[in-house]
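K.L.:
give the three-dimensional model of this entry:
(2 chains)
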Protein chains: 2
Amino acid sequence: MSKGYQTEPWQLAWRGLDLAELDRTESTFALSNGHIGLRGTLEEGEPRGLPGTYLNGFYEEHPLPYGEAGYGYPEAGQTVVNVTDGKIIRLLVEDEPLDMRYGRALSHERVLDFRSGTLRRHTEWESPTGRRVSVRTERLVSFTQRAVAAIHYEIEPVDDIQLVVQSDLLANEPIEHRSGDPRVAAALDHPLVGDFAVAEGRRAVLAHHTRHSGLRMAAAMDHDIDAQDNLRTAIHAETDLARFTVAVDVPAGGRLRLTKYLGYGWSANRSVPALRAQVEAALEGALQTGWRGLLAEQRQYLDHFWAAADVEVDGDEALQQAIRFALFHVLQAGARGETRAIPGKGLTGPGYDGHAFWDTEIFVLPLLTYTVPEAARDALRWRHSTIDKARERATQLGQRGAAFPWRSINGAECSAYWPAGTAAFHVSGGVAYATAQYVAATGDTTFERDCGTEILVETARLWMALGHNDPHDGFRIDGVTGPDEYTAVVDNNLYTNLIAQKNLREAAAACERHPDLAQHLAVSGDELAAWTEAADRMAIPFDAKLNVHQQCEGFTSHAEWDFANTPQDRYPLLLNYPYFDLYRKQVTKQADLVLAMHLRGDVFSEAAKARNFDYYEARTVRDSSLSASTQAVLAAELGHLDLAYDYLAEAAFTDLNDLHDNARNGLHMASLAGAWSAVVAGFGGMRDHDGKLTFAPRTPPALTSFSFRMRLRDTSFQVFVDRTSATYRIISGGPLHTAHHGEPIVVEPGTDVTLPIPAAPYHPAPHQPEGRQPKRLRES
Amino acid sequence: MSKGYQTEPWQLAWRGLDLAELDRTESTFALSNGHIGLRGTLEEGEPRGLPGTYLNGFYEEHPLPYGEAGYGYPEAGQTVVNVTDGKIIRLLVEDEPLDMRYGRALSHERVLDFRSGTLRRHTEWESPTGRRVSVRTERLVSFTQRAVAAIHYEIEPVDDIQLVVQSDLLANEPIEHRSGDPRVAAALDHPLVGDFAVAEGRRAVLAHHTRHSGLRMAAAMDHDIDAQDNLRTAIHAETDLARFTVAVDVPAGGRLRLTKYLGYGWSANRSVPALRAQVEAALEGALQTGWRGLLAEQRQYLDHFWAAADVEVDGDEALQQAIRFALFHVLQAGARGETRAIPGKGLTGPGYDGHAFWDTEIFVLPLLTYTVPEAARDALRWRHSTIDKARERATQLGQRGAAFPWRSINGAECSAYWPAGTAAFHVSGGVAYATAQYVAATGDTTFERDCGTEILVETARLWMALGHNDPHDGFRIDGVTGPDEYTAVVDNNLYTNLIAQKNLREAAAACERHPDLAQHLAVSGDELAAWTEAADRMAIPFDAKLNVHQQCEGFTSHAEWDFANTPQDRYPLLLNYPYFDLYRKQVTKQADLVLAMHLRGDVFSEAAKARNFDYYEARTVRDSSLSASTQAVLAAELGHLDLAYDYLAEAAFTDLNDLHDNARNGLHMASLAGAWSAVVAGFGGMRDHDGKLTFAPRTPPALTSFSFRMRLRDTSFQVFVDRTSATYRIISGGPLHTAHHGEPIVVEPGTDVTLPIPAAPYHPAPHQPEGRQPKRLRES
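P.N.:
You can find the predicted model right below:
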C-alpha cells in the first residue's frame, strides 16, 4: 500500500506518517461549515504545523505600517484569530504521552470522507517503552448545527494499560507570527483576553474578547464517556485553559470511547452571559442529537448536496477525487457562513490573514449559485451588509456609490498597497456580476429587493464616478487595476470596462424592474440614461496593427518579458523582480483579458477570442492560482481540449499537489471552485450571458465521459456528456429552457434530451512562456 | 519700526520677539558651510522650535516598515541626526536664567548678514525681578575653515550684577519625532552613543557614534574670555554634556565678552582618537585665526562670491532682499560639501529626513555651476562616489547601468513608496544632465575623466535597459514616473524621454572625446550606435487632435480635475485626495512637460511651447515648491512677463513667506535656487543647449532694470538689462562667445556690448486653475 494520498473516488485518505507533510495536510483535512473551521491537526495537539480554530468573521485589528503614508491609506489591518482550540485530546499511555514524534507508528491513516463529512483517523502506536495502543477518532463540524463540532475518540490498548485522557479548551496557543512589525506581532500574540472560565461535571466554558477589535467569543465543551468502571474524571478551568481528565485502567481488548462536543459562538454585541448561554444551548442541542445523530444529519446534508452538485468524470480516477475534494471544500467554506464572508482560504488556514477577496464573487459564487444557492445568497448578503462601509470608502476616495474592499474581514479596506488593492475597482464589478448572476439563476426577488438592486445601483454609481466620457474614445475608466497583478494602475483595463458595462446595464434593468426601489435609491431617469449611454460607449482597447484586444490601453506596445532569460526558479516573478518592471512589460500573472472573454464572451467573436487567447497565452505565467481554471474554460471553448484538460487538472490539484508551495496556510478556494468551472463552463460550455443558461459540451480526449449536476431556479438537472453526444436530464422540478451548441432546447421532466456534439473548432495550438506550460497530473 | 522681517538689501533682519515664529526663523537664520549646519536657535537653547546641529552625511539608519512588502523595496531608511549641540550659551543674571519666555524683551533683533556671513543678535532683557542686561551675539560657520564654527557673546549689564555663563556641548537633546513606527522612533531617540568625554581648561571634547549606521563623530569647544578680574571658571565633561562655566561680577557699564570656538568632525572609518585629534586641530586653527580673523576670512570669501554671483533688481527692494537671501542660502548649502550630498533642505532643518533628491542636480547645480563651480563639482563627485550603489540598485531592479536613488543620504535608495521613488528614473537623467552642464560650463576635463564620463555611460546604459525599440512608436520608456508627483508610473513621460535623449547623446559624445575611457568602460561601437539610434528614435507623445504634447502617453485623454469643486483649503491635493485619483486625472503638481520645455527647449518650436504652456498652465496646481521657478522661465520666454515676475516672487519668497507652511523643517533649496533661474534663465533668457551659452533678456514691467553675474570657464561677466537694452560686460577673464536674442555676439574684456531688446512675443495670457494663480509678493 503506497504512502501519502490515496486515490479513491469519495474520500481523501493519507496513509503512513510523514511529519514534514503535517502542515499541508492540516489544510487539506480541515473541517468547516463556513462558521467554524478546524484545521486537521492531530488530536494530541503536537506535532503540528499550525494549529487553527477559526470563527468566520472573528478577527483582531492591528495598525498597518507605512514607510511613507498617503491620504486614504487604511490605518488598520485585520487578521483572523486562532481562537480557543477545542480539538485537543491528549492521551497518556501509562507514563508516555502519545506523540507521533516518539515511539513508533505501526500504522497511521487519516481519511476525509466527502459523504460522511467527517475526518477519521486510525493510529496504531507503540510507545518508546513498547506499549501499544490503537486510537480511532472521527470528527465533524456540523452542517446542520452551525455552532457545533464533535470528536469521537476511541482507544483500544493491546495490553492491560492505564490511560489518562485530557480533553482541553486552550486559548492563546503559542504560534509564530511572521510580521516584521512589532505592533502587528504584539496585537496577534495572545490575542484573546479572558472574560470568564467555568467548569463543572464534564462541561467547561471559556469566554474571551479581543483587545483591539473588541469582539467577544465563547467556547464550550461537554463529554460523553463509554468505558469500563473504575473511571476517575476531573474538570478544571482557568483563564486560558479548561481541561476534562479521564483516568482509567483498560484491560487488553477493552475500549475507552469518548465523545467531545464543542460549542462556539462570537459576537460584537452580545454580552458574555449571552454568549455563554448561546454556546451552552448549542451543547445541549448536540448532546440531545448525540454523536450518531450528528453523523446521520451530516450524511443527509451531504447526500442532498451531492445529488444536486456532483461532477463525475470517467477515465481519470485521480481527477475524479480531486474534483470532489474541491466541491467538498467549497461547500465547507460557504455552507453556513450566513452573512459572513467566504475568505480566500475558507476557514482552512490563516493565509491572506483570513481575508475575503474578489475571488469569492467571481470564482466561488458561480459554483454555489448553481448548486447551493442559499450559500451564494448568504455570501452576497454579507457583501450587502458592508455597503455602508463601501459607500464611506467611495466617499473617502472622492468617488460616489460603493467601493468594496480589495481585502477585508469586516468590510473595511485592509490593503496596504493601493496599486494592487484600492485601485482594483473591478472588485465592485465582481460583486455586481455575482449579484446579477444569482438573481437570474434563482429568481430570488426577496434578495433582489432587499440587497441586489442596491448593490447594482451603488456599484453602477461608482463606475460613473470613476469613468468619464471622452468625445473620441468613448467612456474611459482610467488609472485602475484589473485582475492581472503584474499590471497595475492602467487606463481602460478591458476586463474592468466590460464588467462595468455589464454592471451598468444590470443596474438599469433592475431599476426598470423595480421602479419603487429606484425611486427609494434616488435613481433619476437621467441617471438611468447616463448608465446606458456609458455602457454603450464603453472604451474597448484594441490594437489594430496586431489585430488583438489590449488588456489595457498601451499594453501591446510594452516590451516583452525576457522569458528566455528567466530561470524557472525565479517564479513566481513577484518574489524576484520589482513591481515596476513587471508592470511595464507584457507579462501577466493570470488570466485577465481571458477572464473577460469568459464572463463577457458575448462581446467577442470566435475569431477574436482565438487570436486573443493565442496572444495572451504566450504572455501568461500563471503565478496566480486564479488563472488555470479560466484558461481551461477558454481553451475548451476554442477546441484546445487537451490544454483545457491540463489546466483543469492544475486547478483541481492546486492544493493536493501544493503547486504554490503554500497549502500549509490554507486551501485556495477560488482555484478549487475553478476546477468546477473548468468542467462545467469549460468542457460543459456553460454560459449564462444575460441570465440565459446555455451549454456547448465537449468531452476531452483524456475522458470517456463526464457529467455534472446543477440547479436553476426550482429545477435540478444533470448533463451527461460522452464523446459523441450530450444528454440533458431533469432530476427534479420543472422543464429547463437552455441551448445546446447554440440550438435552443427544452428539457422536460422525465424526458431526456440527447443531442450530438459538433466537431470542435480548429485553431492552431497556443504556446505558453518557456516552462510555464500547465502542470500535468500530480506525479504520485 | 515694524516688527518681523525688515526689508534691507544685504541682510535679513527680524525685529521684535515673537515666540510663535521662532521655529520658522530658526530655518531662515540657519548658518552652514555645507559641512556643518546650525539652526538659528537662540544661544540660551530655549525657547526653541527645533534645535538642530547637522553634519552633512551623518545619519542614523532605521527599518522601513511596509504593510505589504515587495521585492526590491529598500529595507533601511536614513535620517539626519541632530548631533552634539555646541550653540548653547546659557546666562544666569543674578539668579534668573535668561529666557525670553519670562521677564521682558525691551528690544530684540536678529540679523543674518549676507556679506559678513554671520548671524547677529541684540537683546535687551529685563528679568522678572527687574535686572537688565544687553546681550549681543554673533556667530558664524566658517566658509574657510570647514570644521569650525564660532560664537562671539557679549553681555553688558545696566546695573552692577553677577553673571554666570554656561557654555555647553549637549548630545542627545530631547526632540519629538513624529514617526508612528516604534522602531523608527527607537532608532532616532537618543541616537548618539557616547565614546569619549574630556574637559580641561577651557576646552572640552565629546565623541559619539550612532547605534545602527555606525558613524562616529566628535565635537569640541574652546573659549576666549575678555572680562574684568574676579573671574571664576570651571569645566566639566560627561557622556552627553560638556560645560564650561564662567562666573563674574560685572559692574554697570562693564562687559563680559566670550568667544566660543567649535570644531566638528565625523567619519565612518576613523577611530575615536583620530576624530578627537581632528577636532582639536580644527580648534587650534580657529584659535590661531581668532574671532576677528574668522570674521575677516568669512567676509573675503563672500566678497568673492558676490562679485561672481550677485543678482541685482532695481524697482523691488523686497525681491532684491529675497534673491540675495536665496543665493546666500544656496551657497551655504553647497560651499564646502566636498563629496557629500546637497540635501533638499541644505543643513537648515530635518525636513525630508535630510535626504538629497533630484532637486540638487536640476535646480541647485545650475546656479552653482555658473557661480561657484567647485561646489557643483563637489556635489557631482558625491554622486559619482555612490555609483557602485547605483549600479547595485540597477542590477537589483533587473536593469543595467546605474540607477541613482530618489532619496538618500549615503547613496542607497530610501524611498518607501516606489511609484514616486524608484520609478522616477529621471533622477539618473538629471545627474547626467548636470554632469554634462558642468563639464560644458567649466571645461573641467579632470572631472570629466575621473567621474563625468562614467556617470554619462552608466546612466545611458540604464535608459537602454529601461526602454525598448518599438517598430511603430520608436524608443519607448514605459512604466516610469516623471517629475510631476500627481502622475506616476506612465509610458513615455515626455520629460523623462527628452532627458534620456540628451543623456544618450552626451554619453556618446563623451565616449568619442575619450576613446580610452570608453574602452575602459567597455563601451563598444555597437553600444554607441545603439545609444544614438535610441536618441534619434525617442518617442515624443503628442496629441494631434488637441495639437499639444502629452506629459505622458494618454495624459490628454484623462478626465479633467474638477477644480471648480475643489476648495482652496483642500490644497495641497495629496493631503486630501488619494494618489489613485490624482494620478488618473489631468492635474499636475508641478512643472513637468514645462520643465522639459526649459531644459530641452531646443526640440520645441515657439508655437508648440506657447500651446503647451497654455494647456499645462491650466492644469498645474503648484503644490510642489519645485514648480514656480520653471513656470517663470517659460512664462518669460513666451512674453508673459508679469506672470513670470509673479512666479519669480513666489519662488524667491517660498520660505520667507512660508508658502508651504513647513519652513520650520528647513528651507527649500531648490526653490531658492529656482529664484536665480527665474531671473537668469527667465528674464535673462539664459540657455545652454548643447553647451552653448545664450541669452534673450527682457525686463519685466515691475522692474526698471536688473543684472546678474555668471562664470563661464575662466570668464566672469555681468549682464545688465533695462527696459530697452542689454549690456554684456566682462568682469575678468577672456572674451565671451554667446548670443543675444538669437544673434551671435562676442564680448571682449574692457569693451561692453550693448544691444537693443526686441519686442516680446505675443501669446494670449494663460489661465491657472481657480485659486492657483501665483501668490503676489508677501503681504507684510
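K.L.:
is A:Ala237 in contact with A:Leu206, as I believe?
P.N.:
Yes. Contact criterion CB atoms under 8 Å: A:Ala237 and A:Leu206 qualify, at 6.7 Å. In short, each C-beta sits where N, CA and C put it, glycine included.
K.L.:
of those two, which one has the most company?
P.N.:
Taking other CB atoms under 10 Å in any protein chain shown, A:Ala237 and A:Leu206 do not tie; A:Leu206 has more neighbours (30 against 19).
K.L.:
thought A:Ala242 was touching that one, still the case?
P.N.:
Yes. Counting by CB under 8 Å, A:Leu206 does reach A:Ala242; the two are 5.5 Å apart.
K.L.:
picking that back up, what sits in contact with each of A:Ala237 and A:Leu206?
P.N.:
Common contact partners of A:Ala237 and A:Leu206 (CB atoms under 8 Å, 6 or more residues apart in numbering or on different chains): A:Leu169, A:Ala197.
K.L.:
what's A:Thr233 in contact with, if anything?
P.N.:
A:Arg202, A:Ile225, A:Phe244, A:Thr245, A:Val246, A:Ala247.
K.L.:
out of the residues you listed, who has the most neighbours?
P.N.:
A:Phe244 (26 neighbours).
K.L.:
could you say what helices and strands the helix or strand containing it packs with?
P.N.:
Element membership for A:Phe244 (DSSP states H and E) is strand A:241-250. On a contact count with 3 or more CB pairs under 8 Å, 6 or more residues apart in numbering or on different chains; DSSP states H and E, strand A:241-250 meets strand A:161-170, strand A:192-200, strand A:203-210, strand A:216-226, strand A:232-238, strand A:256-267.
K.L.:
make JSON lines out of the ones you listed and add mean pLDDT.
P.N.:
Supplementary listing: the helices and strands packed on strand A:241-250 in JSON lines, determined by pLDDT from 0 to 100:
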{"stretch": "strand A:161-170", "mean pLDDT": "96"}
{"stretch": "strand A:192-200", "mean pLDDT": "97"}
{"stretch": "strand A:203-210", "mean pLDDT": "98"}
{"stretch": "strand A:216-226", "mean pLDDT": "97"}
{"stretch": "strand A:232-238", "mean pLDDT": "97"}
{"stretch": "strand A:256-267", "mean pLDDT": "97"}
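K.L.:
Serialize those to a markdown table and add fields for distance to A:Asp310.
P.N.:
Formatted as a markdown table, the helices and strands packed on strand A:241-250 follow (distance: least, CB to CB, whole Å):
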| stretch | distance to A:Asp310 |
| --- | --- |
| strand A:161-170 | 36 |
| strand A:192-200 | 40 |
| strand A:203-210 | 39 |
| strand A:216-226 | 34 |
| strand A:232-238 | 44 |
| strand A:256-267 | 30 |
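K.L.:
looking at those, which is nearest to B:Ala412?
P.N.:
With distances scored as CB to CB, the stretch of the helices and strands packed on strand A:241-250 nearest to B:Ala412 is strand A:203-210 (39.4 Å).
K.L.:
mind checking the pLDDT average for the strand holding A:Phe244?
P.N.:
Strand A:241-250 shows a mean pLDDT of 95.
K.L.:
send me it as CSV with only the CA atoms.
P.N.:
The C-alpha coordinates for strand A:241-250 follow below in CSV (Å, rounded to 0.1, in the frame of the first residue of the first chain):
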residue,chain,number,x,y,z
LEU,A,241,-7.4,26.5,29.7
ALA,A,242,-10.2,24.2,30.5
ARG,A,243,-9.4,20.5,31.0
PHE,A,244,-11.5,17.4,31.4
THR,A,245,-9.5,14.5,32.6
VAL,A,246,-10.4,10.8,32.5
ALA,A,247,-8.1,8.3,34.1
VAL,A,248,-8.9,4.6,33.6
ASP,A,249,-7.4,1.2,33.6
VAL,A,250,-8.3,-0.6,30.4
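K.L.:
distance between that strand and the chain's centre?
P.N.:
Computed by CA atoms, centre = their mean, to the nearest Å, the separation of strand A:241-250 from the middle of its chain amounts to 37 Å.
K.L.:
what lines up beside that strand in the sheet?
P.N.:
With DSSP bridges as the test, strand A:241-250 is paired with strand A:161-170 (antiparallel), strand A:232-238 (antiparallel).
K.L.:
just the ones you listed: most buried one?
P.N.:
strand A:161-170 (a mean of 21; mean count of other CB atoms under 10 Å in any protein chain shown).
K.L.:
and the contacts of it?
P.N.:
Outside strand A:161-170, the residues that reach it (CB under 8 Å, 6+ apart) are A:45, A:84-86, A:88-94, A:131, A:133, A:153, A:155, A:157, A:204, A:206, A:219-221, A:223, A:237, A:240-250, A:252, A:256, A:258, A:260.
K.L.:
list the residues that contact both of A:Leu206 and A:Ala242?
P.N.:
By CB under 8 Å, 6+ apart, A:Leu206 and A:Ala242 have these common neighbours: A:Leu169, A:Ala197.
K.L.:
how many neighbours does A:Ser732 have?
P.N.:
For A:Ser732, the count of nearby residues is 12 (other CB under 10 Å).
K.L.:
go ahead and confirm it touches A:Arg713.
P.N.:
No. The criterion here is CB under 8 Å, and A:Ser732 misses it with A:Arg713 at 11.6 Å.
K.L.:
spell out which residues of the stretch 451-600 of chain A are next to chain B.
P.N.:
A:468, A:470, A:472-473, A:476, A:478-480, A:488-489, A:491, A:545, A:553-554, A:557-559, A:574-581, A:583-585 (CB under 8 Å from any CB of the partner chain).
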